[in-house]
Structures are given as C-alpha cells and as structure tokens.
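Enquirer: need coordinates for the below:
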Amino acid sequence: MTSPEEKYDKRKPAVSVLLASYNSEAFIEKTLNSIRAQTFADFRCLISDDCSTDRTVELVEIYSNSDPRFRLLRNSENLGWIGNINQLLDIVDTEFFCMMPHDDLLAPRYLEALFEALLANPNAIVSFSDMEYFYLDGRREILSYDLEVNKGLEKKRSITMLRKGGHWWIPYRGMVRTRLTGNEFRLRNNLAGGAIGDSPWVLDLTMRGEFVRVREILYTKIVYEQSLSANWRYSGWEHIASFLSCIRAVMKGPLSLLDKFELILLLILKIFSQIFHRLIQTIKGLITRPPDF
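Expert: Next up, the predicted model:
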C-alpha cells in the first residue's frame, strides 16, 4: 500500500475531498471533473482505490499526474467500502473534509458554498446542500433535509433526527468540521455488513454540533446498477443491524447519561417496530398463501 505521507504536499489546504473508488471506470471521470471544476480551489482530493480490476486507476492517474491537488492511494488488498473510506479518514489533517462516492457529481459552487456556511457558524459540525437525485429507473427528484431545533434544545438534535426520519443521509455527503469530530469519526461494519452504514455516522454528528442546510441544489446523486446503495435491500434485518450500530455510537458519544438513555430507548423501540412489521408481513403471507393440497 502506498504511504499517505508520500502522496500529498506538506502544505495543508482548507478542505480534503475523500473519494473511495472501486471498479468505477464508467463514471469516475465525470466525478473527478466535477471536483476539478470547483470555484473553491483550496482543496486536496484523496482517492483511495480498492483494488479495481477495470481502468479506474489508469483514469485517476490522468488527474493525479496533471493536477497536484489530486492524489491516488492504491490498496494492496480489498478493504470493502467502509474500510476504504476509513483509510482516508485516518489521514485527514485539514480543517474541513467531505466524503463522496465515486459516482456522484458536484456543482461548481459546492465546496465554496459549504465552506462559507461553516465559516459563518462556528458551532456547525456539518453543512450540506439540497440534492438532485436520479433513480435507477431514470426518475428525477429534488431532495432536501432540515435538522433545525429550538434554541435551548440543542441536546435533543439526535432525538429530532431519529423521530423526523426523512432524507437523513444527505448530511453524510456534506462538509464536516474536523475539530468538532475530534478526528475520531470512523464508519463501522454492522451485523448486516455495511448496509445503511452511514446512519450511525450522521447520528454521531448530531451529538457534536449544529447542522447547516445550504438551500441550493449543488449535489447530484445518480444511482447506477453498480452503485453500492442499489445493492442494499433495506430489509428489516438491515435496519435492525443499523439501529444496533447506532446504539453503539450513542454509548460512545459525548451526551449525558440521561440523554443517552433516552436515545437508546428510542432506538430499541425502532428495533421492535421493525420486528413487529416483519412479523405482520409473515402472518399476512401465511394467510394469503394457497393451501398445499
């Protein structure tokens, strides 16, 4: 594995863009072009390739060889998407960072707008924009997310996230203030592998700082057949595994014991809700199934 110290300048830019790649030759050029076209130029883009078997590395090298802001790391063994991202998080040393999949696109003002939003709010841990979302069947939708809480109830932000639902995963694709994470943030595999592995991450963010929504469509998500999320089933078991991982995040988080207890209780209720829903579906299936004779 290439040593990270050998792969980027000693000078620290303001923002690190972390991009985990794997067999992405069909779309990674569009992703890298959208990063290179940013109006905010003070960034470093670190691409960690997870042993791709196609032309991904060859394409990324075109950028890393021609633009000093782009740096390629090549894994000596396949780490999986969570291990690949964590390897990038291990070497973040800039004031801000953002993570993005290898198939998403950024509008030119993305880094600039999110950077300015964080500078304007020192208590914010993450800023994020509205999103243009293209489903696998070609449907297009504009998605957004708000996590506003009344003044004095900042410690209830985590509970608000869990109760509100909605497109909670959008902030995962935002810009994060490294200092407020304590540089301790890592993704974790759960009992279902890596499915819905971004949920504990976003919940952990809610325990550490404010969320800032930039009300512009600056991010594009295109779901391909090869996309990671397209292969998640979002089954009851995957949700339960994600909730259990959230409980672990809460236990390690910075909240008071009383707030942790309230959050864990809410997560346990969500787990039982998934079990109950699955039980009802099973009973309905048995009732409607034709008799075997």
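Enquirer: contacts and neighbour counts: CA atoms only from here.
Expert: OK.
Enquirer: how about the strands in the stretch 1-150 of the chain?
Expert: Counting by DSSP state E, counting those that start in this stretch, the stretch 1-150 of the chain has strands at residues 15-21, 43-49, 70-74, 96-101, 105-106, 124-134, 140-143.
Enquirer: now these in CSV, with mean pLDDT, distance to residue 218 and mean neighbour count?
Expert: Below are these laid out as CSV (pLDDT from 0 to 100; distance: least, C-alpha to C-alpha, whole Å; neighbours: other C-alpha atoms under 10 Å):
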stretch, mean pLDDT, distance to residue 218, mean neighbour count
strand 15-21, 96, 15, 24
strand 43-49, 96, 17, 24
strand 70-74, 96, 21, 21
strand 96-101, 94, 13, 22
strand 105-106, 98, 6, 23
strand 124-134, 96, 6, 23
strand 140-143, 96, 11, 13
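Enquirer: for stretch 268-278, buried residues please.
Expert: Residues of stretch 268-278 classed as buried: 270-271, 274 (neighbour count, 16 or more other C-alpha atoms under 10 Å).
Enquirer: show me the contact partners of stretch 111-131.
Expert: 38-40, 110, 142-145, 170-171, 173-178, 180-181, 205, 208-221 (C-alpha atoms under 8 Å, 6 or more residues apart in numbering).
Enquirer: please, a ChimeraX command that selects the buried ones among those?
Expert: A single ChimeraX command selects the buried members of these (16+ other C-alpha under 10 Å):
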select :38,40,110,143,144,145,170,171,173,174,175,176,177,178,180,181,205,208,209,210,211,212,213,214,217,218,219,220,221
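Enquirer: just the contacts of stretch 111-131: which are in helices?
Expert: If you go by DSSP state H, the contacts of stretch 111-131 have 110, 178, 180-181, 205 in helices.
Enquirer: among those, show me the least confident.
Expert: On pLDDT alone, residue 181 ranks lowest of the ones in helices among the contacts of stretch 111-131, at 83.
Enquirer: wasn't residue 151 part of a strand?
Expert: No - counting by DSSP: H, G, I helix; E, B strand; the rest coil, residue 151 is located in no strand; its state is coil.
Enquirer: show the pLDDT at it.
Expert: On the pLDDT scale, residue 151 gets 70.
Enquirer: where does pLDDT dip in the stretch 51-200 of the chain?
Expert: 152-153, 182-184 (pLDDT under 70).
Enquirer: got a markdown table for the ones in helices among the contacts of stretch 111-131, with distance to residue 160 too?
Expert: Shown next, in a markdown table, are the ones in helices among the contacts of stretch 111-131 (distance: C-alpha to C-alpha, whole Å):
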| residue | distance to residue 160 |
| --- | --- |
| 110 | 26 |
| 178 | 23 |
| 180 | 20 |
| 181 | 20 |
| 205 | 13 |
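Enquirer: what is the nearest of these to residue 17?
Expert: Of all the ones in helices among the contacts of stretch 111-131, residue 110 has the smallest distance to residue 17: 11.6 Å, by C-alpha to C-alpha.
Enquirer: just give the nearest non-adjacent residue to that closest one, would you?
Expert: Spatially, and ignoring its direct neighbours in sequence, residue 110 is nearest to residue 218 (5.3 Å; C-alpha to C-alpha, 6 or more residues apart in numbering).
Enquirer: residue 204 versus that neighbour, what's the distance?
Expert: Per C-alpha to C-alpha, to the nearest Å, residue 218 is found 24 Å from residue 204.
Enquirer: so residue 146 makes contact with residue 214?
Expert: No - with contact defined as C-alpha atoms under 8 Å, residue 146 does not count as touching residue 214 (9.7 Å).
Enquirer: please report how far residue 60 lies from residue 119.
Expert: Distance, residue 60 to residue 119, by C-alpha to C-alpha: 31 Å.
Enquirer: okay, these two: which has more neighbours?
Expert: More crowded of residue 60 and residue 119, by other C-alpha atoms under 10 Å: residue 60, with 22 against 11.
Enquirer: given the lengthiest strand in the chain, what are its sheet partners and their directions?
Expert: Determined from DSSP state E, the single longest strand within the chain is strand 210-222. Taking DSSP bridges as the criterion, strand 210-222 sits next to strand 105-106 (antiparallel), strand 124-134 (parallel) in its sheet.
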